[in-house]
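Student: Show me how the following folds:
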Amino acid sequence: MPIAALQQQLSFLREIDRLKSVVRQSPLLDQSRKENSAEHSWHLAMYALLLSDYAAASVDANRVLRMLLIHDIVEIDVGDFPIHAGHSVEAQAREEALAAQRLFGLLPAAQGEGLLALWREFEAGETEDARFAKALDRFQPLLINVFTGGGTWTENKVTLQQVASRYGPAIQRGAPKLWAVCEAWIEQHFAGQPVNDAGC
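Tutor: So this is what the prediction gives:
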């Protein structure tokens, strides 16, 4: 490996350390603090490693895992866009696309272009791998909200109908069996009943 390529790779790895400083709205399950985007990405990679059998169709778990490790790297430049904040989806897409070009452009050309293509595939959400990755990206914060007694839903006064419309389509499309579990959880939560995973 040429020294110049190694320098580019190390520059990228130093730059993405900044993802650890991007704080999300979701709390940790112990509610001691908010999670950061690097933790979120790592946790989603673990979801992909363990839950690929629940994808709507056959997926390449390793590709899904790679997508999830890089999907939020753009937040280094643009920050997190909380699902309940009511921001402009178009503006977010433009800002994130520019961030992706800058960040993956730090890498040697072939490596950077490959990761940029994988990030764009996730964003488009049209392949089976991307659909499953997007399902997990909605499933993980939903689980956190349910098992923290409401989490960001309580903070933002989110209704059952809003939860269903904001999380449901992506999870249903990429992992319908997981959405069936989610429906039971959110019904229990909004009915004020104890939530458990006994029905999985």
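Student: wait, isn't Val64 in contact with Asp129?
Tutor: Yes - counting by CB atoms under 8 Å, Val64 touches Asp129, with 5.2 Å between them. All C-beta spots, glycine's among them, are computed from the backbone N, C-alpha and C.
Student: buried stuff in the helix or strand containing Cys182?
Tutor: Element membership of Cys182, judged by DSSP states H and E, is helix 176-190. Going by neighbour count (16 or more other CB atoms under 10 Å), the buried part of helix 176-190 is Leu178, Trp179, Val181, Cys182, Ala184, Trp185, Ile186, His189, Phe190.
Student: same deal with stretch 8-25?
Tutor: Residues of stretch 8-25 classed as buried by neighbour count (16+ other CB under 10 Å): Gln8, Gln9, Phe12, Glu15, Ile16, Leu19, Val22, Arg24, Gln25.
Student: Can you pick out the most distant pair from those residues?
Tutor: Of all pairs drawn from these, the one with the longest distance (CB to CB) is Gln8 and Gln25, at 33.3 Å.
Student: And the contacts of the helix or strand bottoming out on mean pLDDT in the chain?
Tutor: Every helix and strand of the chain was ranked by mean pLDDT, DSSP states H and E. The lowest is helix 151-155, at a mean of 89. Defining contact as CB atoms under 8 Å, 6 or more residues apart in numbering, one finds that helix 151-155 is touched by Gln25, Ser26, Pro27, Pro82, His84, Pro141, Ile144, Asn145, Val158, Val163, His189.
Student: What are the phi and psi values at the second one?
Tutor: The phi and psi values for Ser26, taken as degrees, to the nearest 10, are phi -70, psi 140.
Student: what does the first one give?
Tutor: Note on Gln25: its backbone torsions stand at phi -80, psi -30 [degrees, to the nearest 10].
Student: thinking again about what came up before, from the buried residues of helix 176-190, which two are the most distant?
Tutor: Within the buried residues of helix 176-190, Leu178 and Phe190 form the most distant pair, 18.5 Å apart (CB to CB).
Student: helices and strands around the strand or helix carrying Trp42, which ones?
Tutor: Assigning secondary structure by DSSP H and E places Trp42 in helix 37-51. Applying 3 or more CB pairs under 8 Å, 6 or more residues apart in numbering; DSSP states H and E, we find helix 37-51 packed against strand 23-27, helix 61-70, helix 128-147.
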